[in-house]
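1. Kindly generate the corresponding structure for this input.
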Amino acid sequence: MLAVIGGTGMSELTGLELLRRHGSETPLGAASAGVLHARLAGRELLFLARHGHPHRLPPHRVNYRANLWALKQAGATRIVGVNAVGGIDPSLPTGTMAVPDQLIDYTHGRDSTFFDGRFRPLQHIDFSWPYTEALRQQLLGAAAECGETVRAAGVYGATQGPQLETAAEVARMARDGCTLVGMTGMPEAVLARELGLEYACLALVVNPAAGVVEREISLDEIHAALEQGIGRARRVVTALLGAG
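-> Prediction:
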């Protein structure tokens, strides 16, 4: 079953017909919210608000392990994480949607594995390609089906937050090859891999990253971009559901 993790600006998904609300407790603590088992446009899916509903959890305080465990427990087999991001590459202006194919993790101190030697025995996994290619292609096909233009690749740089990055940090990330910057892409992606779940990211660019343009980042502009973009992300998700 498809699950959607809604990020900043998407603590709920308009048009959901609620069928069941799962509890938030897991063996790893509480998930950000209860998983919703619902219908969207006549198709069943699972939905989880990454930051809680209402939005309350900063990126470094999200219990990513509990979130992924709760989704698997509720029956998820593939997950689309919807993420608000900044655009590092100047060719990715505000309003762009992208489906990244790589990532670099700059976070620290987060519980980033189930195989920690306590919850589960130590085990190494291959993470060369962090997103499931088949699901990426399905997302791109769904976007084309509903008439939404989506950039077909990108490198997501995951930062700690909750503050936005400095211009120097963004410059370093650009040198590293990052084209997008967000705060929640990891450890979400690797935890999905450890649980054997397909995972892809639908990234919505809501601001130019620090230093990309010669002005300060406006939080009002970010909120406006979120309001405009979430409906587009919902259309892509609905088309993905229709594609099976």
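2. use CA for all of it now, contacts and neighbours both
-> Fine.
3. Now do the buried residues in the lengthiest helix in the chain.
-> Secondary structure of the chain per DSSP state H: the longest helix is helix 219-242. Of all the residues in helix 219-242, those buried under the rule 16 or more other CA atoms under 10 Å are 222, 225-226, 229-230, 232-241.
4. and the two most separated of the residues you listed?
-> Using CA to CA, the two most remote members of the buried residues of helix 219-242 are I222 and L241, lying 27.8 Å apart.
5. Tell me the spacing between the residue nearest in space to the middle of the chain and E169.
-> Most central in the chain under CA atoms, centre = their mean is G81, positioned 3.1 Å from the mean C-alpha point. From G81 across to E169, the span is 24 Å (CA to CA, to the nearest Å).
6. got the residue ranges for the strands in the chain?
-> 2-6, 17-21, 25-26, 29-30, 36-40, 43-49, 78-87, 97-98, 102-105, 150-151, 155-158, 180-182, 198-208 (DSSP state E).
7. Most tightly packed of these?
-> Of all the strands of the chain, strand 180-182 has the most neighbours on average by mean count of other CA atoms under 10 Å, namely a mean of 28.
8. what does that one contact?
-> 83-89, 154-159, 205, 209 (CA atoms under 8 Å, 6 or more residues apart in numbering).
9. tell me the residue furthest from the middle of this protein?
-> E214 (27.9 Å).
10. Tell me the spacing between that one and A192.
-> Taking CA to CA as the measure, E214 falls 38 Å from A192.
11. any weak-confidence spans in the protein?
-> 9-12, 244 (pLDDT under 70).
12. hmm, try it at 90
-> Where the chain drops to pLDDT under 90, the residues are 6-18, 40-42, 52-56, 213-223, 226-231, 242-244.
13. Now Q228: closest residue in space, sequence neighbours ignored.
-> G95 (8.0 Å; CA to CA, 6 or more residues apart in numbering).
14. For the one you found, give me its contacts.
-> By CA under 8 Å, 6+ apart, G95 lies in contact with L204, V205, V206, A225, Q228, G229.
15. for L240, same thing?
-> So L240 contacts Q138, L139, G141, A142, A143 (CA under 8 Å, 6+ apart).
16. ok, the residues you listed vs R65, which is closest?
-> Proximity of these to R65 (CA to CA) peaks at L139, which lies at 24.2 Å.
17. where's the closest one relative to S24, distance?
-> With CA to CA as the criterion, L139 and S24 are 28 Å apart.
18. who has more neighbours, the two?
-> Applying other CA atoms under 10 Å to L139 and S24 shows that L139 carries more neighbours, namely 26 against 17.
19. how about that one, what does it touch?
-> So L139 contacts V99, L202, V236, V237, L240 (CA under 8 Å, 6+ apart).
20. What of R50?
-> With contact taken as CA under 8 Å, 6+ apart, R50 is in contact with I5, G6, G7, T8, S11, S32, A33, V62, N67.
21. Spatially nearest residue to E188, not counting backbone neighbours?
-> Y64 (6.0 Å).
22. was I right about the one you found contacting A189?
-> No - the criterion here is CA atoms under 8 Å, and Y64 misses it with A189 at 9.6 Å.
23. In contact with E165, which residues are there?
-> Contacts of E165 by CA under 8 Å, 6+ apart are T159, A209, A210.
24. Looking at these, state which has the most neighbours.
-> A209 (29 neighbours).
25. Now do the contacts for P58.
-> Contact analysis of P58 by CA under 8 Å, 6+ apart lists H51, G161, P162.
26. between those residues, which is nearest Y131?
-> Of all these, H51 has the smallest distance to Y131: 21.5 Å, by CA to CA.
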